[in-house]
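>>> have a look; sequence and predicted model below, questions after that.
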Amino acid sequence: GVFITLAAHIAIMAPGTNIGAAHPVTLGEQQDSVMMEKATNDAAAFIRTISEKRNRNVAWAEDAVRKSISITESEAQNQGVIDTIAPNLDKLLEIVNGIVVETSSGIVTLETKGASVKNIEKSFQQKILDILSDPNIAYILLMLGIYGLLFELYNPGAILPGIVGFICLILAFYSMHTLPINYAGLALILFAVVLFILEIKIVSHGILTIGGVVSLALGSIMLIQKESMLEFVTISWEVILITIILTVVFFVFAIGMGIKAQKKKPTTGIQGLIGEIGETISDLHPEGSVKVHGEIWNAISLDGTIKRGTKIIVAEVENLKLKVHKRQ
């Protein structure tokens with residue numbers, strides 16, 4: 001913003017605004033001191049050039065780059081950083097009317113008297129991308145994506161949660177690409193998910209759940225880099241707390257019920273016969289016939305001869321033939 005303002009033919013600020021703090025920064029990996037010094041020197045030389053070109057305060061411009069100083073609109077006007085102050089667009093058009101400027105194509109006289117102001121709104125696509133760049137939205141999409149995929153994995157055939165989860169993860173990755181993400185925080189969130197899953201599979205008396213909650217809380221707090229120059233980019237505490245509560249509920253009930261359903265003994269089909277009680281309808285020597293679930297099956301006795309009318313228990317099923325024990 002400072003560079004563009006100083007490079008402009010006419011620099012005008014609105015009341016209640018400020019300008020400055022033009023020191024080079026990075027949003028990704030931190031540069032070493034040598035690279036940062038080179039970037040600062042280059043930026044200082046460039047801002048001196050454009051300030052001299054537009055007859056602005058060269059010393060202040062260099063300090064804005066090297067010392068990150070910032071001043072108000074009135075100070076900027078008094079120090080020769082800008083030309084004047086305008087309270088609104090109509091006043092701005094009145095001020096610049098008739099001013100002569102030199103462009104690459106020659107001398108131009110501005111004619112802005114009576115000019116209409118056309119406001120250009122964001123397109124629908126830009127509005128969507130702007131929403132996705134919100135750190136709270138990125139965080140929520142990440143968690144929804146994890147929930148959706150895990151729900152699909154532990155409840156195969158649901159389909160919709162898997163599709164929604166995958167889409168949410170892709171959108172979350174896009175959002176995080178535009179934000180200063182701390183990958184240690186992201187790793188803690190994924191580790192928390194692992195702990196919640198292990199709590200369902202391993203009896204830890206709540207220790208794994210506590211570890212998951214702590215890991216999720218720390219990861220959520222660390223997800224956005226605090227040392228980033230974008231101080232305003234942060235995740236709301238309310239969003240973090242609600243997410244932690246919903247995550248615990250989700251893993252305890254939704255995923256837990258899915259795993260219990262998978263471990264539940266089959267009640268239909270051939271596998272559902274194992275462990276069922278039936279009755280012999282003929283002597284087993286060791287083969288014969290039995291009735292189980294109202295159905296007649298060929299059976300083999302694992303306990304030698306079993307008399308007709310004896311209660312039996314199905315031990316296994318092999319080639320549509322039951323292997324049975326005498327019920328004790």
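Perfect, I can see it now. Numbering: from 1, shown residues only.
>>> how about the nearest residue to the spatially most central residue of the chain, chain neighbours excluded?
In the chain, the centroid-proximal residue (CA atoms, centre = their mean) is Leu142; its distance is 3.1 Å. Leaving out its chain neighbours, the residue that sits closest to Leu142 by CB to CB, 6 or more residues apart in numbering is Ala172, at 4.0 Å. Quick note: C-beta positions are derived from backbone N, CA and C, even for glycine.
>>> secondary structure class for that neighbour?
helix (DSSP: H, G, I helix; E, B strand; the rest coil).
>>> what is the burial count for Leu208?
As a burial measure, Leu208 scores 19 neighbours (other CB atoms under 10 Å).
>>> now do the SS call for it.
Going by three-state DSSP: Leu208 is helix.
>>> hang on, it packs against Ile202?
Yes - between Leu208 and Ile202 there is a contact under CB atoms under 8 Å: 6.8 Å.
>>> buried residues in stretch 277-288?
Neighbour counts over stretch 277-288 (16 or more other CB atoms under 10 Å) mark 278, 280, 283-284, 288 as buried.
>>> what does stretch 52-72 give?
Of the residues in stretch 52-72, those buried (16+ other CB under 10 Å) are 54, 56-58, 60-65, 71-72.
>>> could those go into TSV alongside secondary structure?
Listed next are the buried residues of stretch 52-72 as TSV, based on three-state DSSP:
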residue	secondary structure
Arg54	coil
Arg56	coil
Asn57	coil
Val58	helix
Trp60	helix
Ala61	helix
Glu62	helix
Asp63	helix
Ala64	helix
Val65	helix
Ile71	strand
Thr72	strand
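>>> tell me which of the residues you listed is nearest to Val193?
Val65 (44.1 Å; CB to CB).
>>> check contacts around that closest one.
Shown here is Val65, whose contacts under the criterion CB atoms under 8 Å, 6 or more residues apart in numbering are 2, 22-24, 40, 43-44, 47.
>>> could you dump the residues you listed to CSV with distance to Ile245?
What follows is the contacts of Val65, written out as CSV (distance: CB to CB, whole Å):
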residue, distance to Ile245
Val2, 44
Ala22, 43
His23, 41
Pro24, 42
Thr40, 46
Ala43, 46
Ala44, 50
Ile47, 50
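>>> pLDDT on stretch 63-71, on average?
In this model, stretch 63-71 has a mean pLDDT of 92.
>>> repeat for stretch 172-186
Rounded mean pLDDT across stretch 172-186 is 84.
>>> shaky segments in the chain?
For the chain, applying pLDDT under 70 flags the ranges 26-32, 200, 203, 226-233, 254-272.
>>> inside strands: which ones of the buried residues of stretch 277-288?
278, 280, 288 (DSSP state E).
>>> one step back: sec struct for the residue nearest to the centre of the chain, please.
Taking three-state DSSP, the label given to Leu142 is helix.
>>> just the strands from the chain, written as ranges.
12-13, 18-20, 70-72, 84-85, 100-103, 106-109, 277-280, 287-292, 295-301, 311-318, 321-326.
>>> given the first one, what are its sheet partners and their directions?
I take that to be strand 12-13. Counting by DSSP bridges, the strands paired with strand 12-13 are strand 84-85 (parallel).
>>> can you list contacts of the strand it pairs with?
Contacts of strand 84-85 (CB under 8 Å, 6+ apart): 12-15, 73-74, 77, 95.
>>> identify the farthest-apart pair in these.
Ser74 and Ile95 (16.0 Å).
>>> these two: which has the busier surroundings?
Taking other CB under 10 Å, Ser74 and Ile95 do not tie; Ile95 has more neighbours (17 against 12).
>>> and the helices in the stretch 101-250 of the chain?
Here the stretch 101-250 of the chain has its helices, by DSSP state H, counting those that start in this stretch, at 124-132, 135-154, 160-177, 183-201, 207-222, 237-249.
>>> and for Val292, the neighbour number?
Val292: 18 neighbours (other CB under 10 Å).
>>> ok, it - contacts?
Neighbours of Val292 in contact, by CB under 8 Å, 6+ apart: 273, 276-278, 314, 322.
>>> done for today, thanks.
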